[in-house]
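*Asks:* Sequence and computational prediction follow.
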Amino acid sequence: MTAVGLRERKKQRTRDALVDAALDLFLTKGYEATTIDQIAAEVEVSPRTFFRYFASKEDVALSLTADEQRVLLAELVARPESESPFTALCQAMRSLLKMLRKTDDAETGRYLRCQKVVHSTPALLAGAMRLIKENERRLVAEVARRLGTDPWDLQPKFIVAVFLSVALACFDERTQDPVVLARRLEDLLTLAERSLCPGWDLPACSAQTAGRPVEPAATTG
């Protein structure tokens, strides 16, 4: 393994250790009562080192949510241009699900603790929703680019809204295991793909070639 590879692994271990320490302290002492100094001390690093990885307590608490959102967007951008927007979104999510299915016990425990902290802390829950909304705008912009239209147009907004509604439908307070959630989401994506008309997420001219009749626009006068 190269020196660069070793450095990256060490950085990832430090980052994971900071996340684990923060989550444990948030659960035992409470989010508001926990300080950055305490988090750094648990990992035996300086607060300065903490700030090399995270900008704030909220940043470390929401790091897993932020990571998931970044991966989803990156996977969408990497999808072939030949795929329709909704198909590209579903395939991007499947790439993320594949990663979730491969989580080890430490990663699963980290995910579950993170969910518990976020959902028991109103400020963090609001922060998580903000991250998701910010990424939603980026998803809309990428879908608009694929369609050759403006992000403010209704079609890219509608396509992403349908996709996110499908994704949110899999979440159940009784089920937080990431592997179980991944399986439920895969089932929902398959159901959505089977239920939606071919070409619904394409411009009108393309939808016709996909086998979906398009009603002519109503005229006045």
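*Replies:* All right, it came through fine.
*Asks:* which element follows whichever strand or helix holds Phe158 toward the C-terminus?
*Replies:* Using DSSP states H and E, Phe158 sits in helix 154-169. Going down the chain from helix 154-169, the next helix or strand is helix 178-195, by DSSP H and E.
*Asks:* Grab the CA positions of that next one and hand them over as PDB.
*Replies:* Extracted as PDB, the C-alpha positions of helix 178-195 are listed here (Å, rounded to 0.1, in the frame of the first residue of the first chain):
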ATOM      1  CA  PRO A 178     -29.700   0.100   7.400                       C
ATOM      2  CA  VAL A 179     -29.800  -3.300   5.700                       C
ATOM      3  CA  VAL A 180     -33.500  -3.700   6.300                       C
ATOM      4  CA  LEU A 181     -34.100  -0.100   5.100                       C
ATOM      5  CA  ALA A 182     -32.100  -0.800   2.000                       C
ATOM      6  CA  ARG A 183     -34.200  -3.800   1.200                       C
ATOM      7  CA  ARG A 184     -37.400  -1.900   1.700                       C
ATOM      8  CA  LEU A 185     -36.200   0.900  -0.500                       C
ATOM      9  CA  GLU A 186     -35.200  -1.500  -3.300                       C
ATOM     10  CA  ASP A 187     -38.700  -3.000  -3.200                       C
ATOM     11  CA  LEU A 188     -40.200   0.500  -3.400                       C
ATOM     12  CA  LEU A 189     -38.000   1.500  -6.300                       C
ATOM     13  CA  THR A 190     -39.000  -1.600  -8.200                       C
ATOM     14  CA  LEU A 191     -42.700  -1.000  -7.500                       C
ATOM     15  CA  ALA A 192     -42.400   2.600  -8.700                       C
ATOM     16  CA  GLU A 193     -40.600   1.600 -11.900                       C
ATOM     17  CA  ARG A 194     -43.300  -1.000 -12.600                       C
ATOM     18  CA  SER A 195     -46.100   1.400 -11.900                       C
END
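*Asks:* Just the buried positions in it, please.
*Replies:* Pro178, Leu181, Ala182, Arg183, Arg184, Leu185, Glu186, Leu188, Leu189, Ala192 (16 or more other C-beta atoms under 10 Å). Heads up, the C-betas are built off the backbone N, CA and C, glycines and all.
*Asks:* Just give me the closest of those to Leu89.
*Replies:* Leu189 (9.1 Å; C-beta to C-beta).
*Asks:* so that closest one touches Val166, yeah?
*Replies:* Yes. Using C-beta atoms under 8 Å, Leu189 is in contact with Val166, at 6.5 Å.
*Asks:* I'd like to know how many residues surround Ser63.
*Replies:* Neighbourhood size, Ser63 [other C-beta atoms under 10 Å]: 20.
*Asks:* which ones are touching it?
*Replies:* Counting by C-beta atoms under 8 Å, 6 or more residues apart in numbering, Ser63 touches Arg15, Val19, Phe54.
*Asks:* average pLDDT for the helix or strand containing the second one?
*Replies:* Assignment of secondary structure by DSSP H and E places Val19 within helix 3-29. Per-residue confidence for helix 3-29 averages out to 91 on the pLDDT scale.
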